[in-house]
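Q: below are the sequence and a predicted model; questions follow.
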Amino acid sequence: MEIPPKSPDGSEKSPQSKELLTSNTASTLCISSRSESVWTSASRSKWDIYHKPVIVVSVGAAVFLFGIVITSLSCLQTKNIKVYKMCGPAFLSLGLMLLVCGLVWIPIIRKKQKQRQKSKFLQTLKSFFFNR
């Protein structure tokens, strides 16, 4: 078992921990921030931006179609009709809910992207005029 080295002034804290304590809070906020595109200027592809709503729309459409099949089976089959009548509308409503949520999500992302582009433009414009 190794004993951690003591700092030159005799205290038990290492020099690295002192640097962490005296660091600027703004820089630590930048590092721990969850909004990645505010601090980085790397452009993302359309798939990186829209992959979550596309997946939600795809799953919603699949579940909705499955609900249509199950509901139509309740009309065609006489066996297990209660199960089909109970599960069919449940899958229909779940699929429709996911489909609508995904379709609403896409314009929201587009609006956020436009706002981000405007704010980046205004920040560069502001820095151009105020940093002279």
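A: Sure, I can see it. A quick note: this is a predicted structure, and the numbers were derived from the prediction, not measured.
Q: what packs against the host helix or strand of C87?
A: Counting by DSSP states H and E, the element that carries C87 is helix 81-130. Judged by 3 or more Cβ pairs under 8 Å, 6 or more residues apart in numbering; DSSP states H and E, helix 81-130 is in contact with helix 46-76. Glycine gets a C-beta too; all of them are placed from N, C-alpha and C.
Q: ok and the helix it packs on relative to helix 81-130, angle-wise?
A: Helix 46-76 and helix 81-130 are oriented at 160 degrees to each other (axes from the mean of the first three to the mean of the last three Cα atoms, to 10 degrees).
Q: what are the buried residues along helix 46-76?
A: Using 16 or more other Cβ atoms under 10 Å as the test for burial, helix 46-76 gives 49-50, 53, 56-57, 60-61, 63-64, 66-67, 70-71, 73-74.
Q: and which of those residues is nearest to A90?
A: G67 (7.3 Å; Cβ to Cβ).
Q: OK, contacts around the closest one?
A: Contacts for G67 (Cβ atoms under 8 Å, 6 or more residues apart in numbering) come out as 88-95.
Q: just the buried ones among those residues, please.
A: 88, 91-92, 94-95.
Q: now that we have those, can you turn them into a markdown table and tack on pLDDT?
A: Putting the buried ones among the contacts of G67 into a markdown table (pLDDT from 0 to 100) gives the following:
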| residue | pLDDT |
| --- | --- |
| G88 | 90 |
| F91 | 95 |
| L92 | 95 |
| L94 | 96 |
| G95 | 96 |
